[in-house]
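Peer 1: One predicted model, sequence on top.
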Amino acid sequence: MERLWTIHDVAAYLGIPAGTLYQWRHRGMGPPGVRLGKHLRYQPAAVRAWVAEQVA
């Protein structure tokens, strides 16, 4: 199992500011993330799948 990505990992992968990810999450958009306590994490496979959906 791959390690979970932080919001900064996802932002770097997508080439966007971390603030954009926070805005998308607030609006119900963007890749699916999960809260682990006070931390927001993303599954790399879910992020890649979300990107593939956006391109298609």
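Peer 2: Nice, thanks for sending it over.
Peer 1: Quickly note the distance from the nearest residue to residue 30 once chain neighbours are set aside to residue 9.
Peer 2: Nearest non-adjacent residue to residue 30, counting by CB to CB, 6 or more residues apart in numbering: residue 24, 3.1 Å away. Every residue, glycine included, has its C-beta placed from N, CA and C. Applying CB to CB, to the nearest Å, the value for residue 24 to residue 9 is 15 Å.
Peer 1: now the helices for the chain?
Peer 2: In the chain, the helices defined using DSSP state H lie at 7-14, 18-27, 44-55.
Peer 1: For burial, what's the neighbour tally of residue 42?
Peer 2: 21 (other CB atoms under 10 Å).
Peer 1: if we can go back for a sec, was I right about the residue nearest to residue 30 contacting residue 32?
Peer 2: No. Judged on CB atoms under 8 Å, residue 24 makes no contact with residue 32 at a distance of 10.7 Å.
Peer 1: So for the two, which residue has more residues nearby?
Peer 2: Each of residue 24 and residue 32 has its neighbours counted (other CB under 10 Å); residue 24 has more, 14 against 11.
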